[in-house]
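Trainee: Got a sequence here, can you build the structure:
(chains A, B, C, D and E)
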Amino acid sequence: MEVFQKKRSRKTGLPPGSLVHIGDQKVEDPGISIIRYGADILEQEDFKAWDSRLEEQIGKHPVTWINVDGLHDTALMQRIGEVFGIHPLVLEDIVNTEQRPKFEDFEVFLFMVMKMHFPGKKPGVFHSEQVSLVLGKDFVITFQEKPGDVFDPVRERIRKGKGRIRKMGADYLAYALLDVLVDQFFVILEEMAEAIEEVEEIVLKSPEQGAAHRIHHLKRNLLQIRRSVWPLREMVNNLEKTESPLLTKTTRVFLRDVYDHTIQLIDNVEVSREITSGLLEVHLSSLSNRTNQVMKVLTIVATLFIPLTFVVGVYGMNFDYMPELHWKWGYPAVMLLMLFAVSGMLWYFRKKRWL
Amino acid sequence: MEVFQKKRSRKTGLPPGSLVHIGDQKVEDPGISIIRYGADILEQEDFKAWDSRLEEQIGKHPVTWINVDGLHDTALMQRIGEVFGIHPLVLEDIVNTEQRPKFEDFEVFLFMVMKMHFPGKKPGVFHSEQVSLVLGKDFVITFQEKPGDVFDPVRERIRKGKGRIRKMGADYLAYALLDVLVDQFFVILEEMAEAIEEVEEIVLKSPEQGAAHRIHHLKRNLLQIRRSVWPLREMVNNLEKTESPLLTKTTRVFLRDVYDHTIQLIDNVEVSREITSGLLEVHLSSLSNRTNQVMKVLTIVATLFIPLTFVVGVYGMNFDYMPELHWKWGYPAVMLLMLFAVSGMLWYFRKKRWL
Amino acid sequence: MEVFQKKRSRKTGLPPGSLVHIGDQKVEDPGISIIRYGADILEQEDFKAWDSRLEEQIGKHPVTWINVDGLHDTALMQRIGEVFGIHPLVLEDIVNTEQRPKFEDFEVFLFMVMKMHFPGKKPGVFHSEQVSLVLGKDFVITFQEKPGDVFDPVRERIRKGKGRIRKMGADYLAYALLDVLVDQFFVILEEMAEAIEEVEEIVLKSPEQGAAHRIHHLKRNLLQIRRSVWPLREMVNNLEKTESPLLTKTTRVFLRDVYDHTIQLIDNVEVSREITSGLLEVHLSSLSNRTNQVMKVLTIVATLFIPLTFVVGVYGMNFDYMPELHWKWGYPAVMLLMLFAVSGMLWYFRKKRWL
Amino acid sequence: MEVFQKKRSRKTGLPPGSLVHIGDQKVEDPGISIIRYGADILEQEDFKAWDSRLEEQIGKHPVTWINVDGLHDTALMQRIGEVFGIHPLVLEDIVNTEQRPKFEDFEVFLFMVMKMHFPGKKPGVFHSEQVSLVLGKDFVITFQEKPGDVFDPVRERIRKGKGRIRKMGADYLAYALLDVLVDQFFVILEEMAEAIEEVEEIVLKSPEQGAAHRIHHLKRNLLQIRRSVWPLREMVNNLEKTESPLLTKTTRVFLRDVYDHTIQLIDNVEVSREITSGLLEVHLSSLSNRTNQVMKVLTIVATLFIPLTFVVGVYGMNFDYMPELHWKWGYPAVMLLMLFAVSGMLWYFRKKRWL
Amino acid sequence: MEVFQKKRSRKTGLPPGSLVHIGDQKVEDPGISIIRYGADILEQEDFKAWDSRLEEQIGKHPVTWINVDGLHDTALMQRIGEVFGIHPLVLEDIVNTEQRPKFEDFEVFLFMVMKMHFPGKKPGVFHSEQVSLVLGKDFVITFQEKPGDVFDPVRERIRKGKGRIRKMGADYLAYALLDVLVDQFFVILEEMAEAIEEVEEIVLKSPEQGAAHRIHHLKRNLLQIRRSVWPLREMVNNLEKTESPLLTKTTRVFLRDVYDHTIQLIDNVEVSREITSGLLEVHLSSLSNRTNQVMKVLTIVATLFIPLTFVVGVYGMNFDYMPELHWKWGYPAVMLLMLFAVSGMLWYFRKKRWL
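Mentor: Numbering: from 1, shown residues only, chains lettered A, B, ... in the order given. Now for the predicted structure:
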């Protein structure tokens, strides 16, 4: 999700439920990876395409997690939709990568859309991707735009059987995924904070030309994060409050914890936004100050030398009758006079605190 | 609807229910086009004026969609009002093109007013028109200011029998029309986004004179879109929540989807507004920076040459007794002295980071 | 009501219910005009003072509308209060012309205070007056500060029996008065819009000295309108929602319509305020731009000629040994040199886009 | 209460209910004045210290009003607390003069803290004092920081038996005191309005150096008033809504009136704040404009004369071979040439609207 | 807690309940100090490490207060958690020093996280630390980052048996700790107020270069305080409203008092923020004013002397035929002429109020 949404118009006028992939195609072929586990079982498989073997296994394990990378293959999407009984409007939302984070309860399954951010190479830069999650009785399906995600710690915990994850149901898996996704925002925000402090130092030290642009980019990026985070809070809140029997009481306690994190995220985003806004004002004031100083130098030089230049000009005139020119001490007298004038002006400038 | 409303005063002091067309007359003669359809039937007719044949057909098809282009013919309006039992206050609202989008439930029919925006030739420019919609048990009447609308995809779907539209009732038709109208706003906002990015590039690259004006126009246009979108959200929400039996449960699910879109619209509008506001600040800071740089050039040139001009002025004086003038090396000595002075000042400017 | 309230302090420390006229006395003698009507009757009389004939007629017609112009005659006020059983606190509010618009339900009568605005001679200028309205079972009493109001269309409708007004009760009359008063605000806002667009054109074309002042005045006037309009919305809402039997169901439907208008008014006021605020920023940016351009001209001229003046100063020195002065081509050579210097600088300015 | 609170820290770490006087001691010895009255009785006494005679009289009159000036004598406070059964936390609040206005219902008595403002010598300057009020069944106790208050009109009404005050209970007395206190704020705000208009005139006429400071002080003072007024509204609202039997129904009607006044106060404060904020922007724009004009004068003078000075410099060079110098019409030709140049530049400046 | 949170990312991807210390380790070894008391008993002990003697004493005194300084020893934390039955998620929150202040009710105990601020050496500078508090039936456990806190007055009161603290339960102890912690914020805010007034004086007197930076730092610090104070209010409110039987009715009354203080804190923070924001505007306006004055000096000097320099340049030309040069009174005439010119310009500047 960029700050501005730009591909949404492709869908204008189509009947509801039309599967149209909105967004950039970020991967050539979709990939499907499956993890099936329970307290004592663990199976892991990767598929390049849809496979009937896959369907046979459904419902035979305590928890099945299907992860799909790449959303442009609408035939695949439709097939998954049929197998798991996903509503067409949901499929439409999954392939539209310009969704606002939201949660919907469809009784037989719960549906969530979220934004996942990855830090870029430079602080303050990051990449985004949309992640959709369908939670059923014994399965979780996640849809991503391209391979590579923030879920590896969860995979690790499943593989190694760390924590309680292997003993819990699909709802706990969904919680665990949501949790790392929210945690990832803290990483992004810490990078933003670093970028802000870098610009802060520039602004406070010397008013550089590019500072205003950098502040503008920070603001834009913060605006984008804000757009992901505010509806996320709402989403987690709705999720926690839903009466769906798909969520156990234990998981709800953990969701409450995630909710607290989203509030903290919002807090952090707003503080960052406020400080960034303040920076521009400081920058403007620094610029104004700098102009002031340049002006002072010009004024001092001009005020010192322009009158003197006039004086020497006077004695450069060619009038026949200029008695001073013929005085013996005329030259040194004029020089002394000018010295006094300069001293007087310097004293005045010092009084005015310009020097 | 312009940003400022300007024709509203024509109505001041008239009794309620007076049919007064407020707005520009955008078409010479009103046009009426009718589509009657059901799962297996499809009839389409165009009328130049009101026709009794038209009245005979009412209620004989599952769904009748009457579209009226041009609102200034109050006699025609009154006739339609009588035939379909539309309340005089509603007719008054239909012919007043400065309405705020709203929804009203009159039990025997539902009434909606909306704004329809068309992209203009340049990005960031668009035209607007008011669309009113009356939804009855088996009919939908739409009122527009002039021919040409965004409903062609719906007509297409009815004609080709694409999607479920032919099998559904009048409420689904109303939904479909609302849906394309809301989708159209995304098109407009994408154009606005492009216009904003264009101005952004100008502002970030070089502070041009016209940038402030362009930003001002962007802000005005966004203000106008905002005025259409905020009440639209409220309208769709009220529509979805109404207890009227004219809306089936299926249609309500789709309306929920439209509601989500309006929230996303508002989100987009607000982000665009915020970025546009930020641009003016960046522009001001660029201008300030530019002034600073111009000042520096002036100061450097003046500070270098004004003292030198003084020095050469001294040796241009015509005093009889100026021993330096008669020294053999006087001229090159003065030249060297000035060279040192210039070098010193250049070093000072470099230290101050002005060069 | 001015932006600042200034006469309120006269009342400090008086016991509640003290009749003290707060505001300017705008008319010498109060005037009373009465219209009594029903479906078939219509009587109209003007009084200069209170009259016992007037009291005899009370209650003998379906609707009696008493209009009082001028509020400073507290004896008259007290008499009216006694005859119609108006609470002392209400009379106190009527003669205090710095009231905030409000509605109060006193069971036997309903009380409303509103502001009435008249357009002045220039766009953006207007005069204000406080109007109080007491609605009883079969009478309406309106109190104004001076003769001349916006109610003439209503009087016309009563006289000519246009619309339903003659067939309806006192509550409909109150509605009709409220309606024209609200409509009048649209006239004022259209004038404000014109004034804003006038200033907008000035600001966008050339930064004139007086623009900031005009914007400031626009803002003040908008602030004043806002102060009348926001509580008006609340007032109409409370009126519509009151459970008083003095309001029939039909009138409530019309009041709902008035309520919609007040929302639209608020919308218009806020849009006008936002655009006006934006204008000051554009103005500042224009000023900044203008300074920039002036600076550039100065810098170009100074940068071109100050070095040249130095050069010619050099050859104006009177040293005995300056070989160049005696060269045959010295003069043209120096002139050429300066020409090259100027060309170089012009090329530099063009590169910097200053020309 | 200053804008910043500064003495609060004295209390840090003390157990709750510790009587510590926070604020400046504004009077040497506390003074106690008592008014006892009923419809037919009126007694008035002043005490320098606590007196057992005073205690004997308690409960023997319909209403007893005890006013205490000076809060630093904690022994006295404790004694009053014991006699009238006032909760230690309330006493603590009374002697802490940095309270936020609030209302608390302690069943046997009601407790209110308010701020009282007095106009100072110059418009826009005022002094503040904290007033606490304890309302019991048949007594009212008011606590002030120093002698002198705004309650004299109430004392007058009691003495002269004006209005209904002598016939009503203690709750009406409390209302009457609250009413004059709220009315006093209008006086202060009218003075602020005058001060604002004074600064407004300065800013609109000529950008004076001190204007920014005056605006800053206005803002600070308005901030302080705002701090007193906002919680006052809440306080009056809570007071009116309390279910305490200490308040009769009649008094509640009057309290509703006071509540309306506090809303109007808030309205006035916010309008004043907004206009004051706008003034700074106008001031900045005036300053910017002024700089612009100064720049233009400099630019015109420099642009006219710097090139001319170059020209005369050319003919002041001492080259042996400068044919123009020997032409008969050289001198007038050069003078004419310069005249043309000046005329051309003047025409250019006029075209640019700089003259 | 710094303005930006920076260590939070360490925890990303860990299973919930993982004890990871987030924040700087501020002490080498954790220290445990215990106070056990009742109306007649008082025992006090310090431990360097966990001790089984400690466990034996649990539950044998009316109130046990355990204070832990240093959070990095997760083994110790785990042990305390087991002994007192503290939920793993709570332990996780205790060792994460970037918590937002919050309150949670776990039925068998209540959990609170707060921020404690200490004034630094200079006004406007302060240090922060996170304090967690677990309140059980007969114990209070406080966790701090390092030794040294604001609780000494409470320890004193316990030791000396001042106030009611020794007679009350653990809930009153928790209240007393919360109370001093909130009071401490007033100390910090008074220091901030002093720092603001210091900068205010600088800004109003002379526009110094560093003022913008100082204002920026004030804003940052206020932002940080705000972040601690806003959730604190919510926390105290939730605490007071909880239905837990761990809080007696008496303590709730005192908590209400603390709640009032937090509201006052927020009030103070917001006022400080507003005044600080206003300062930057005044600073910018002062800078603008200063530039204006410098410009005026330059303009006056240049406008006076540049034309004169031109005039003397004219008579420095070397034309053969310049009759004025040979006039006897040429020189004084030119001097007089220039004197008149200067006088005229001075008069003009005085009229323009530049002198």
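
Trainee: alpha carbons only for contacts and neighbour counts from here, please
Mentor: Fine.

Trainee: For A:Asp46, give its distance to chain C.
Mentor: 57 Å (C-alpha to the nearest C-alpha, to the nearest Å).

Trainee: Output the longest helix belonging to chain A.
Mentor: Looking across chain A with DSSP state H, the single longest helix is helix A:249-314.

Trainee: quick one: the host helix or strand of A:Ala75 near chain B?
Mentor: For A:Ala75, the host element (DSSP states H and E) is helix A:74-84. No: using C-alpha under 8 Å from any C-alpha of the partner chain, helix A:74-84 stays clear of chain B, coming no nearer than 16.0 Å.

Trainee: what's the following helix or strand after that helix?
Mentor: Past helix A:74-84, the next helix or strand by DSSP H and E is helix A:88-95.

Trainee: could I get that next one in CSV with only the CA atoms?
Mentor: In CSV, the C-alpha atoms belonging to helix A:88-95 read as follows (Å, rounded to 0.1, in the frame of the first residue of the first chain):
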residue,chain,number,x,y,z
PRO,A,88,-16.6,-14.6,-3.1
LEU,A,89,-16.6,-11.1,-1.5
VAL,A,90,-13.7,-12.3,0.7
LEU,A,91,-11.7,-13.7,-2.2
GLU,A,92,-12.3,-10.4,-3.9
ASP,A,93,-10.8,-8.6,-0.9
ILE,A,94,-7.8,-11.0,-0.8
VAL,A,95,-6.7,-10.3,-4.3
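
Trainee: helices or strands up against it?
Mentor: helix A:74-84 (3 or more C-alpha pairs under 8 Å, 6 or more residues apart in numbering or on different chains; DSSP states H and E).

Trainee: For the helix it packs on, give the mean pLDDT please.
Mentor: Confidence for helix A:74-84, expressed as mean pLDDT, is 89.

Trainee: gap between it and the chain center?
Mentor: 32 Å (C-alpha atoms, centre = their mean, to the nearest Å).

Trainee: what residues does that helix touch?
Mentor: A:Leu19, A:Val20, A:His21, A:Trp50, A:Glu55, A:Leu71, A:Ile86, A:His87, A:Pro88, A:Leu91 (C-alpha atoms under 8 Å, 6 or more residues apart in numbering or on different chains).

Trainee: so what's A:Arg252 up against?
Mentor: Applying C-alpha under 8 Å, 6+ apart to A:Arg252 gives the contacts A:Glu240.

Trainee: Report the separation between A:Arg353 and E:Pro119.
Mentor: 35 Å (C-alpha to C-alpha, to the nearest Å).

Trainee: Surely A:Ile215 is in contact with A:Leu279?
Mentor: Yes: here A:Ile215 reaches A:Leu279: they are 7.4 Å apart, a contact under C-alpha atoms under 8 Å.

Trainee: what's the burial count for A:Glu28?
Mentor: 10 (other C-alpha atoms under 10 Å in any protein chain shown).

Trainee: my bad, should have said A:His127
Mentor: Neighbours of A:His127 (other C-alpha under 10 Å): 13.

Trainee: A:Met317 belongs to a helix?
Mentor: No: according to DSSP: H, G, I helix; E, B strand; the rest coil, A:Met317 belongs to no helix; its state is coil.

Trainee: if I look at it, how far off is chain E?
Mentor: 4 Å.

Trainee: That residue: what's its closest spatial neighbour, skipping adjacent residues?
Mentor: The spatial neighbour of A:Met317 that comes closest, neighbours along the chain excluded (C-alpha to C-alpha, 6 or more residues apart in numbering or on different chains), is E:Gly316 at 4.0 Å.

Trainee: The one you found: neighbour count?
Mentor: Count around E:Gly316 with other C-alpha under 10 Å applied: 26.

Trainee: do you know how far it is from B:Glu324?
Mentor: Counting by C-alpha to C-alpha, the gap from E:Gly316 to B:Glu324 is 20 Å.

Trainee: remind me which residues of chain A are low pLDDT?
Mentor: Within chain A, the ranges that satisfy pLDDT under 70 run A:1-3, A:5-10, A:207, A:209.

Trainee: in it, which spans are strands?
Mentor: Taking DSSP state E as the criterion, chain A contains strands spanning A:31-37, A:42-47, A:63-69, A:102-105, A:110-119, A:126-135, A:139-144.

Trainee: so can I have TSV of these showing distance to chain B?
Mentor: As requested, the strands of chain A are exported to TSV (distance: least, C-alpha to the nearest C-alpha, whole Å):
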stretch	distance to chain B
strand A:31-37	29
strand A:42-47	33
strand A:63-69	24
strand A:102-105	9
strand A:110-119	13
strand A:126-135	15
strand A:139-144	20
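
Trainee: Which stretch among those approaches D:Ser33 most closely?
Mentor: strand A:102-105 (66.4 Å; C-alpha to C-alpha).

Trainee: A:Leu280 is in contact with A:His213, isn't it?
Mentor: No: in this structure A:Leu280 lies outside contact range of A:His213 using C-alpha under 8 Å: 9.8 Å.

Trainee: For these two, indicate the residue with more neighbours.
Mentor: A:Leu280 (23 against 19).

Trainee: Would you enumerate the residues in contact with the more buried one?
Mentor: A:Ala212, A:Ile215, B:Glu281.

Trainee: can you check A:Thr142 too?
Mentor: Here A:Thr142 is in contact with A:Trp65, A:Ile66, A:Asn67, A:Val68, A:Val131, A:Ser132, A:Leu133, A:Val134 (C-alpha under 8 Å, 6+ apart).

Trainee: and it, what are its bridge partners?
Mentor: A:Asn67, A:Leu133 (DSSP bridges).

Trainee: Mark which of the contacts of helix A:74-84 are buried, thanks.
Mentor: A:Leu19, A:Val20, A:His21, A:Trp50, A:Leu71, A:Ile86, A:Pro88, A:Leu91 (16 or more other C-alpha atoms under 10 Å in any protein chain shown).

Trainee: how close does the fifth one sit to A:Ile80?
Mentor: Think A:Leu71. Taking C-alpha to C-alpha, one finds A:Leu71 at 12 Å from A:Ile80.

Trainee: Stretch A:98-118 near chain E at all?
Mentor: No: applying C-alpha under 8 Å from any C-alpha, one finds stretch A:98-118 separated from chain E by no less than 13.0 Å.

Trainee: domains of chain A?
Mentor: Domain assignment for chain A by automatic domain parsing gives A:8-285, A:295-351.

Trainee: Which positions in the stretch 101-250 of chain A make contact with chain B?
Mentor: A:Gln209, A:Ala212, A:His213, A:His216, A:Arg220, A:Leu223.

Trainee: out of these, which is most surrounded?
Mentor: A:Ala212 (26 neighbours).

Trainee: ok, now which ones touch the residue in chain A positioned nearest to chain C?
Mentor: Closest to chain C within chain A is A:Gly316: 9.0 Å, counting by C-alpha to the nearest C-alpha. Neighbouring residues of A:Gly316 by C-alpha under 8 Å, 6+ apart: B:Gly313, B:Gly316, B:Met317, B:Asn318, E:Val312, E:Gly313, E:Gly316.

Trainee: Surely the fourth one is in contact with A:Leu325?
Mentor: Yes: proximity of B:Asn318 to A:Leu325 meets the contact threshold set by C-alpha under 8 Å, at 6.3 Å.

Trainee: Neighbour count: the two, which is higher?
Mentor: Between B:Asn318 and A:Leu325, counting by other C-alpha under 10 Å, B:Asn318 is the more crowded of the two (24 against 20).

Trainee: Not counting its neighbours along the chain, what's nearest that one?
Mentor: Among residues not flanking B:Asn318 along the chain, A:Gly316 sits closest, at 5.4 Å (C-alpha to C-alpha, 6+ apart).

Trainee: Name the residues of the stretch 1-150 of chain A found near chain C, please.
Mentor: Taking C-alpha under 8 Å from any C-alpha as the criterion, the stretch 1-150 of chain A has no contact residues with chain C.
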